[in-house]
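**Q** Predicted model follows, preceded by the sequence.
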Amino acid sequence: MLRKKIAFLGAGSMAESLIRGLITEGNVLAEEMFVVNRSNQERLQQLVETYGVVPFQEKREAVRKADVLVIAVKPSDVVPLLQEIAEDVKENQVVVSFAAGVTIKTIEDQLGRNISVVRAMPNTSCAVLQSATAVSFSSGCDENAKRLANQLLSSVGTVSVIEESLMDAVTGLSGSGPAFFYYIVEAMQEAGVMLGLPEEIAKTLVVQTIYGAGCMLMKTGLPPAELRRQITSPNGTTQAGLEVLRTGEVNEWMKRAILRAAERSRELGQES
Ligand SMILES: NC(=O)C1=CN([C@@H]2O[C@H](COP(=O)(O)OP(=O)(O)OC[C@H]3O[C@@H](n4cnc5c(N)ncnc54)[C@H](O)[C@@H]3O)[C@@H](O)[C@H]2O)C=CC1
Ligand SMILES: O=C(O)[C@@H]1CCC=N1
């Protein structure tokens, strides 16, 4: 049990994913998680009823009472938010920002003191303790702050420490990544229905297939190309399907999607 108070500044999808994961894992008490949103009281109430977290109308009060501040607002809302709370942030607190593109320097410039800042890029799989998270630390980040951020985030998935210059790449790859898989899953389910399968059966088959493929990658440690080869009988069904994917340059387009997402992360940082 961490016994640290965490203020979630911004109570959207990413905050909820982490809250759900932390509650499931049981290493942070619901009553030590504070939630703050801009205006939507219904949203706060929903989080209170679902998870038992504590709503705050006055965000500066939540900030003053917390050990860890999780910045979970949209990138363009980060600077205005920090301007509102800067006076209340203390040097013994840890600021963990999830905001895509927003640099440690931007955050430090707003806080104006030697605060421990952790820039993190998780994904929504936090909710099921399976996030692939990357973190970078500010130069002034002390060892306790690093340990605390690591304990918090590693309880909901893996944590890789990276140079901040790679954070936009991570954002495109594993921050946005689940959405790219979901997009493929949607297409596969639609194909199942087109082939006459009942929707529910198509869903079960596709979800178990992607889950099984993920487990194979994890548990065998084999490269994806080798796992693919094991399925591809000469002149069989898989080969026929893969030829269509190659003709459509799906490999190339997936790379382009990730490169564009990474570029967008950089743009969001410049716009913030
Ligand atoms: N959704 C995702 O999969 C991931 C999101 N992120 C990052 O996490 C951050 C949050 O993303 P989402 O949860 O998807 O956004 P969201 O739009 O679902 O939630 C943001 C929330 O912040 C609130 N907010 C805005 N300004 C505020 C303020 N001044 N004070 C208090 N609350 C305020 C809004 O009312 C909204 O509920 C973004 O910066 C995003 O780049 C990072 C990794 C993954
Ligand atoms: O789409 C976005 O901007 C955020 C960042 C990573 C995932 N979602």
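**A** Nice, thanks for sending it over. Ligands and ions are numbered 1, 2, ... in the order given.
**Q** The stretch 51-200 of the chain: helices as residue ranges?
**A** In the stretch 51-200 of the chain, the segments counted as helices under DSSP state H, counting those that start in this stretch are 59-65, 75-85, 104-111, 143-154, 167-170, 177-194, 199-220.
**Q** Counting neighbours, which bits of the longest one end up buried?
**A** Within helix 199-220, the residues that qualify as buried by neighbour count (16 or more other CB atoms under 10 Å) are Ala202, Lys203, Val206. Any C-beta I mention is one placed from the backbone N, CA and C, and that applies to glycine too.
**Q** Now distance to Asn251 too, for the helices of the stretch 51-200 of the chain, in a markdown table please.
**A** Output for these, formatted as a markdown table (distance: least, CB to CB, whole Å):
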| stretch | distance to Asn251 |
| --- | --- |
| helix 59-65 | 45 |
| helix 75-85 | 30 |
| helix 104-111 | 34 |
| helix 143-154 | 31 |
| helix 167-170 | 18 |
| helix 177-194 | 13 |
| helix 199-220 | 16 |
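**Q** Let me know which of those helices is tucked in deepest.
**A** Highest mean neighbour count among the helices of the stretch 51-200 of the chain (mean count of other CB atoms under 10 Å): helix 167-170, with a mean of 24.
**Q** Which elements pack onto that helix?
**A** Counting contacts by 3 or more CB pairs under 8 Å, 6 or more residues apart in numbering; DSSP states H and E, helix 167-170 packs against strand 116-121, strand 131-137, helix 250-271.
**Q** that older thread, ok, so of the buried residues of helix 199-220, who is nearest Gly172?
**A** The closest of the buried residues of helix 199-220 to Gly172 turns out to be Val206 (CB to CB; 24.4 Å).
**Q** closest to Thr133 among the buried residues of helix 199-220?
**A** Using CB to CB, Val206 comes nearest to Thr133 of these, at 26.1 Å.
**Q** And the residue of this protein closest to ligand 1?
**A** When scored by CB to the nearest ligand atom, the chain has Gly12 as its residue closest to ligand 1, at 1.8 Å.
**Q** Show me what from the protein comes close to ligand 1.
**A** When proximity is defined by CB under 6 Å from any ligand atom, the chain lies next to ligand 1 at 9-15, 36-38, 40, 59, 72-75, 77, 80-81, 98-100, 121-124, 175.
**Q** if we go to 5 Å?
**A** Residues of the chain found near ligand 1, taking CB under 5 Å from any ligand atom as the criterion, are 10, 12-14, 36-38, 72-73, 75, 77, 81, 98-100, 124, 175.
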